[in-house]
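1. heads up, no residue letters with this:
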């Protein structure tokens, strides 16, 4: 088997912590009469809030030697989430020209919690259309086939690639198959559902999920979707096989091929040697009892108001459960510019919870925390990446959705998979979640017979997901099938 090359570029938006604008260009160099080997290339954009892992590139390593190229992403270098940092030495970064865009601050008091600060970034990303085409055209002259894997918020950028004879493109669906199917079901007039999918009728309203300005961007992307050759899902058939199959039947893009290749995060965290440096939060977790800590984090695109922070703080304190709380403001459109808001806590709060609660004001190793034996629950905004990371680590979720697909993900977690409890009721999304509601939900998950059963189901699902990525598992076979398809 000849050498493969992968060029990856991550940047313009987020896959890891909610709706993403990450994409990959995968170029496969087919071995032919001239003796050329297989190759892959993927591409990513400049500054984005919270880049995800490097899934396709790193996951493709099992197929043979790879040399990868990334098209600029300072954050990809800084946050190679969960994977061995040494893997980045195999990646070569190349920069696309970065168009200018405004960089507004996150608004923690906004009525709609969608991160409006990234809208200028999304609009600017459309200017990548010609640079991306030029890149793929240049690659296509040197290889047998170019395979472009792009994020579901990037169809407009890659639409011209279909004019390149030896190019194919595949849409990377970064949200859950359940949420995607529920959106499609509503958009097509709510037709009669298959018996096994009847719960879709009960999904939360889309009101409050997106600002009006997002519709223009979404429609622009949707109109360019007809050019792709297939769909890749950031999920496992172990989790959402029914909804992956239902989406395949709809043939929304004229293709019958789709693959569920997730999870893209590592499904096990290697034990660090005693000589390895440990973050403060990991050292703290090392001292706690098994399954005794609830992890609190709302991702990188959401901010809580000062009033809500106070109520959450008091609820955690009164629950008498141990916790790690990542308290940080949402990322701006350009995370490398400007000041960061430091949200206030109640007076002497950290002193009162010392020994039982830990406040982290900066980035925290989420996957490592979720994979720690002391972690027994997760208060989450239910961005899909956080959901699937928690699922793969077998950790139950206390759902606190904020925007976008998150209310649907929360429904999947609590009502369909039944591996979580609800903290924020989406029908009361405009209200501040009270400290008593926080206390009640945390106790329900962490200190009740019902919570024990919920956490047992989460552990069982996590075990099934981990087995699925092993050789012979359903996800492993799905990955092999996709690789065979694009290297045919």
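-> Good, I have the coordinates. Note that the structure is predicted; figures quoted are calculated from it, not measured.
2. List the buried residues in the longest helix seen in the chain.
-> Counting residues, the longest helix found in the chain (DSSP state H) is helix 449-468. With burial defined by 16 or more other Cβ atoms under 10 Å, the residues of helix 449-468 counted as buried are 451, 454-455, 458-459, 461-462, 464-466, 468. All C-beta atoms are positioned from the backbone trio N, CA, C, and that covers glycine.
3. again with stretch 357-365
-> In stretch 357-365, counting by 16+ other Cβ under 10 Å, buried: 357-360, 364-365.
4. Distance to residue 393 and pLDDT for the buried residues of helix 449-468 - can I get that in a markdown table?
-> Below are these laid out as a markdown table (distance: Cβ to Cβ, whole Å; pLDDT from 0 to 100):
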| residue | distance to residue 393 | pLDDT |
| --- | --- | --- |
| 451 | 17 | 98 |
| 454 | 15 | 99 |
| 455 | 12 | 99 |
| 458 | 9 | 99 |
| 459 | 9 | 98 |
| 461 | 10 | 99 |
| 462 | 6 | 98 |
| 464 | 13 | 98 |
| 465 | 9 | 98 |
| 466 | 9 | 97 |
| 468 | 14 | 97 |
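5. Looking at those residues, which one is closest to residue 309?
-> residue 451 (24.5 Å; Cβ to Cβ).
6. Nearest residue to that closest one in space, please, no chain neighbours.
-> Counting by Cβ to Cβ, 6 or more residues apart in numbering, residue 451 lies nearest to residue 445, which is 4.5 Å off, once chain neighbours are set aside.
7. where in the protein is pLDDT low?
-> The chain contains residues with pLDDT under 70 at 1-94, 251-256, 271-277, 330-341.
8. that older thread, and the longest helix of the chain, what does it pack against?
-> Applying 3 or more Cβ pairs under 8 Å, 6 or more residues apart in numbering; DSSP states H and E, we find helix 449-468 packed against helix 237-250, strand 375-380, helix 384-392, strand 396-399, strand 420-422, helix 435-446, helix 474-486.
9. and if we set it to 6 Å?
-> With contacts taken as 3 or more Cβ pairs under 6 Å, 6 or more residues apart in numbering; DSSP states H and E, helix 449-468 sits against helix 237-250, helix 384-392, strand 396-399.
10. Put together JSON lines for these, with distance to residue 290 and mean neighbour count on each row.
-> Converted to JSON lines, the helices and strands packed on helix 449-468 look like this (distance: least, Cβ to Cβ, whole Å; neighbours: other Cβ atoms under 10 Å):
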{"stretch": "helix 237-250", "distance to residue 290": "25", "mean neighbour count": "20"}
{"stretch": "helix 384-392", "distance to residue 290": "17", "mean neighbour count": "28"}
{"stretch": "strand 396-399", "distance to residue 290": "14", "mean neighbour count": "28"}
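11. Now distance to residue 426 too, for the ones you listed, in a markdown table please.
-> Output for those, formatted as a markdown table (distance: least, Cβ to Cβ, whole Å):
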| stretch | distance to residue 426 |
| --- | --- |
| helix 237-250 | 20 |
| helix 384-392 | 15 |
| strand 396-399 | 9 |
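12. Minimum distance to residue 135: which of these has it?
-> Once the helices and strands packed on helix 449-468 are compared by Cβ to Cβ, helix 384-392 is nearest, at 26.3 Å.
13. and the angle from the closest one to strand 375-380?
-> Orientation of helix 384-392 against strand 375-380 (axes from the mean of the first three to the mean of the last three Cα atoms, to 10 degrees) gives an angle of 160 degrees.
14. mind checking which of the helices and strands packed on helix 449-468 is nearest residue 115?
-> Within those, the stretch nearest residue 115 is helix 384-392; the backing value is 14.6 Å (Cβ to Cβ).
15. and that closest one, what other elements does it pack with?
-> Helices and strands touching helix 384-392, by 3+ Cβ pairs under 6 Å, 6+ apart, are helix 366-370, helix 449-468.
16. Tell me which residues touch residue 167, please.
-> By Cβ atoms under 6 Å, 6 or more residues apart in numbering, the residues touching residue 167 are 136, 140, 146, 161.
17. Could you verify my assumption that the second one touches residue 164?
-> Yes. A contact is recorded between residue 140 and residue 164 when judged using Cβ atoms under 6 Å, the distance being 5.1 Å.
18. what angle do the longest helix of the chain and strand 375-380 make?
-> If you take the same axes, to 10 degrees, helix 449-468 sits at 90 degrees to strand 375-380.
19. Wait, a strand at residue 325?
-> Yes. Per DSSP: H, G, I helix; E, B strand; the rest coil, residue 325 lies within a strand segment.
20. before we move on, back to that, what distance do you get for the residue nearest to residue 451 to residue 357?
-> Going from residue 445 to residue 357 by Cβ to Cβ, to the nearest Å gives 16 Å.
21. just to revisit the earlier point, how about the helices and strands packed on helix 384-392, which one is nearest residue 414?
-> Proximity to residue 414 (Cβ to Cβ) singles out helix 449-468 among the helices and strands packed on helix 384-392, at 9.0 Å.
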